[in-house]
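S.K.: please find the sequence and the predicted model below.
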Amino acid sequence: MFVFIHYAVALAVSVRVLLRPRLEPSVRLSWILVIELVPLLGILAYVLFGEIRTRGAEVEHLANVRSRLSGLWRPIPGRVREPPEFAAPLIAANRATTGFSAIGGNRADLLAEDDSAIADLVRAMDEADIHIHLLFYIWLDDSAGRSVAQAAIRAARRGVTVRAVIDAFGSRAFSYSESWRQMREAGVECVEALPLGLPIIGNLLQRMDVRNHRKIVVIDHRIGFTGSRNCADRAFAVKPRFAPWIDVLLRIEGPVVRHMQAVFLQDWMSYRGEDLGEMLQVIPEAFEQGQIAQVVATGPDDRQGTLSDCMATMIHAARARLVITTPYYVPDSSLDSAIRTAARRGVDVTVILPARNDSLVVQATSEGFYYGLVSAGVKLMLYRGGLLHSKIITADGRMAMIGSANMDRRSFELNYEMNMLFVDGELTAKLDARQEGYITRSETITLGEIRAWSLWRRLRNNLLALAAPIL
């Protein structure tokens, strides 16, 4: 009787998988295999993690917030109506996915790889006169985290409005720290994004692994900081054996900061219900001969497309050289195919990944893609100087994308992310040089080395690669 009930339930859940809209065939197949082949656990895994659930009222609220903010930032000063031909398809794809237009007249500076990047952020906070907006997935109570917290406290005490958002999971330890308490007492408005709630029961209403993974700082309407760097030391105390963590952080000025502000305000207004939309009436000054920049912000409640679509469009646009850096390579089939196809059509493609990942499952799953990449002609480099956490794509020395998103399903479908596209040769050259620095600390992996892996390693990697669509 138990066996009959189990298979009846498994069949019903499998039918639900088949009837769900907007699922790739590979995702459907992977879930059905898990449900049918792993008794009970497969069904439980699907119930908890198989569907991207958000509460209906919250989805409606987020849609209302986006609608209000979009009305306030139109018309868009500096909008690029005739982008360079090589960038036009990518800019159109980004806008179709997230609604943000490309904006001219910006200036982005690449900050140092070491902890002095946090010192640059602190200096900008100490010069703030109006407001400081901070959003980090991970904020640690270490030297860097405390220095930013103290700068926020100093600003609040001198009358600057400071708003800080941390993800309730990524920064869960910081929410109990003395620094967070002192920030509140000093008048900093502090919010924990996406509270975890009750285990399992809460997950039936909203997936607990839907997280706000963004890294955004906006100061006085005119200065922004973003990239892959969390608010933490390179030593990354919570996972010190993988240190140093290697990240990228940009300081940005110009009209596109208004769109970074819009992303922050969307989150803030969603969590607090406080209407701050009028702040978008302030338009940062544009620079003559400035860079073209475009915000690409996505989340599970807004399903117009994914960052995977935007990245694939950028890869298809490459004609001569493509360099990709990412810590987590578990792409969907279209993105993996785009990279391999670029190499086969003659583009010089280099992919830089960490040699050792902080997640054994991600490490093994990524290795399941190595053979296809290398056999297609991709130069696959494994970084050995710590955990390479930067997320960078550069194409043809003239386009670059950086931000918070990894090349995995979590970033594409589950997390709130923000990337930025820059169409500018000078900034792209700096990011290419940064990636060349990664390459000098990396080793090339060859087909011979991959073929020499043990039978167990190949079996493990390829099995997990089959499950990549649902990881």
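M.R.: Cool, the structure landed.

S.K.: between the two ends of stretch 280-292, how far is it?
M.R.: Start-to-end span of stretch 280-292 (Cα to Cα, to the nearest Å) is 20 Å.

S.K.: swap in stretch 313-333?
M.R.: End-to-end distance of stretch 313-333 (Cα to Cα): 14 Å.

S.K.: likewise for stretch 248-257?
M.R.: Note: stretch 248-257 ends 18 Å apart using Cα to Cα.

S.K.: next: stretch 346-363.
M.R.: Start-to-end span of stretch 346-363 (Cα to Cα) is 28 Å.

S.K.: got the buried residues for that stretch?
M.R.: If you call a residue buried by 16 or more other Cβ atoms under 10 Å, then stretch 346-363 has these buried ones: 347, 349-355, 357-358, 362-363. In this view, the C-beta of every residue, glycine as well, is placed from N, C-alpha and C.

S.K.: among those, which lie within helices?
M.R.: 362-363 (DSSP state H).

S.K.: check the buried residues of stretch 346-363 and tell me the two furthest apart.
M.R.: By the measure Cβ to Cβ, 347 and 358 form the most distant pair in the buried residues of stretch 346-363, at 30.2 Å.

S.K.: wait, which of the buried residues of stretch 346-363 is closest to residue 188?
M.R.: residue 358 (30.1 Å).

S.K.: tell me how far the closest one lies from residue 155.
M.R.: Here the criterion is Cβ to Cβ, to the nearest Å. By it, residue 358 lies 33 Å from residue 155.

S.K.: equivalent analysis for residue 231, please.
M.R.: Separation of residue 231 from residue 155 (Cβ to Cβ): 15 Å.

S.K.: same deal with residue 284?
M.R.: To residue 155, residue 284 is 19 Å away according to Cβ to Cβ.

S.K.: residue 297 looks like it's in a strand, true?
M.R.: Yes. Assessed by DSSP: H, G, I helix; E, B strand; the rest coil, residue 297 belongs to a strand.

S.K.: which residues are in contact with it?
M.R.: 98, 100, 214, 263, 266, 416-419 (Cβ atoms under 8 Å, 6 or more residues apart in numbering).

S.K.: same check on residue 288?
M.R.: Shown in contact with residue 288 (Cβ under 8 Å, 6+ apart): residue 105.

S.K.: give me the secondary structure label for it.
M.R.: Judged by three-state DSSP, the three-state class of residue 288 is coil.

S.K.: equivalent analysis for residue 195, please.
M.R.: Secondary structure for residue 195, judged by three-state DSSP, is coil.

S.K.: okay, now it: neighbour count?
M.R.: By other Cβ atoms under 10 Å, 12 other residues sit near residue 195.

S.K.: please name the nearest non-neighbouring residue to it.
M.R.: residue 168 (4.9 Å; Cβ to Cβ, 6 or more residues apart in numbering).

S.K.: over to residue 415?
M.R.: Nearest to residue 415 is residue 213, by Cβ to Cβ, 6+ apart, at 3.9 Å.

S.K.: list the residues that contact the one you found.
M.R.: 137, 167, 170, 404-405, 411, 415-417.

S.K.: neighbour-wise, which one of the residues you listed leads?
M.R.: Neighbour max across the contacts of residue 213 (other Cβ under 10 Å) = residue 405, 29 neighbours.

S.K.: where's it, which helix or strand?
M.R.: Assigned by DSSP states H and E, residue 405 falls within no helix or strand.

S.K.: is it true that it touches residue 307?
M.R.: Yes. The pair residue 405 and residue 307 qualifies as a contact (Cβ atoms under 8 Å) at a distance of 4.9 Å.

S.K.: what touches both of the two?
M.R.: 298, 411-412, 417, 419.

S.K.: possible to save the residues you listed as a markdown table with distance to residue 123, pLDDT and secondary structure?
M.R.: Shown next, in a markdown table, are those (distance: Cβ to Cβ, whole Å; pLDDT from 0 to 100; DSSP: H, G, I helix; E, B strand; the rest coil):
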| residue | distance to residue 123 | pLDDT | secondary structure |
| --- | --- | --- | --- |
| 298 | 31 | 92 | strand |
| 411 | 30 | 92 | helix |
| 412 | 35 | 91 | helix |
| 417 | 27 | 96 | strand |
| 419 | 25 | 98 | strand |
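
S.K.: what's the most distant pair in those?
M.R.: Farthest pair in the shared contacts of residue 405 and residue 307 (Cβ to Cβ) is 412 and 419. Separation: 11.2 Å.

S.K.: give me the common contacts of those two.
M.R.: Any residue near both residue 412 and residue 419 by Cβ under 8 Å, 6+ apart counts here, and that gives 307, 405.

S.K.: what about residue 113, how many residues nearby?
M.R.: Using other Cβ under 10 Å: residue 113 sits among 18 other residues.

S.K.: what do you get for residue 423?
M.R.: Neighbours of residue 423 using other Cβ under 10 Å come to 23.

S.K.: please name the nearest non-neighbouring residue to it.
M.R.: Once flanking residues are discounted, residue 423 sits nearest to residue 292: 4.0 Å by Cβ to Cβ, 6+ apart.

S.K.: so what does residue 379 have for phi and psi?
M.R.: Backbone torsions for residue 379, taken as degrees, to the nearest 10, come to phi -80, psi 110.

S.K.: any idea how far residue 333 is from the closest residue to it other than its chain neighbours?
M.R.: Distances taken as Cβ to Cβ, 6+ apart put residue 350 closest to residue 379, at 4.4 Å, once the chain neighbours are dropped. Here the criterion is Cβ to Cβ. By it, residue 350 lies 21 Å from residue 333.

S.K.: residue 419 too?
M.R.: Counting by Cβ to Cβ, the separation of residue 419 from residue 333 is 21 Å.

S.K.: so which of the two has more stuff around it?
M.R.: When neighbours are counted by other Cβ under 10 Å, residue 419 and residue 333 differ, and residue 419 comes out ahead with 26 against 14.

S.K.: so what's that one up against?
M.R.: Contacts of residue 419 by Cβ under 8 Å, 6+ apart are 295-297, 307, 310, 391, 401-405.

S.K.: rerun that using 7 Å as the cut-off
M.R.: Contact analysis of residue 419 by Cβ atoms under 7 Å, 6 or more residues apart in numbering lists 296, 307, 401-405.

S.K.: ok, residue 116 - how many residues close by?
M.R.: For residue 116, the count of nearby residues is 10 (other Cβ under 10 Å).

S.K.: then residue 263?
M.R.: Neighbourhood size, residue 263 [other Cβ under 10 Å]: 26.

S.K.: output stretch 171-188 as CSV, nothing but the C-alphas.
M.R.: In CSV, the C-alpha atoms belonging to stretch 171-188 read as follows (Å, rounded to 0.1, in the frame of the first residue of the first chain):
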residue,chain,number,x,y,z
SER,A,171,24.2,38.6,7.0
ARG,A,172,22.4,36.7,9.7
ALA,A,173,25.4,36.8,12.1
PHE,A,174,25.8,40.6,11.5
SER,A,175,22.2,41.2,12.5
TYR,A,176,23.1,40.0,16.0
SER,A,177,26.4,42.0,16.2
GLU,A,178,27.3,44.9,18.3
SER,A,179,27.9,47.0,15.1
TRP,A,180,24.3,46.5,13.9
ARG,A,181,23.0,47.4,17.4
GLN,A,182,25.2,50.6,17.4
MET,A,183,24.0,51.6,14.0
ARG,A,184,20.4,51.4,15.1
GLU,A,185,21.1,53.4,18.3
ALA,A,186,22.8,56.1,16.2
GLY,A,187,19.8,56.6,14.0
VAL,A,188,20.7,54.4,11.0
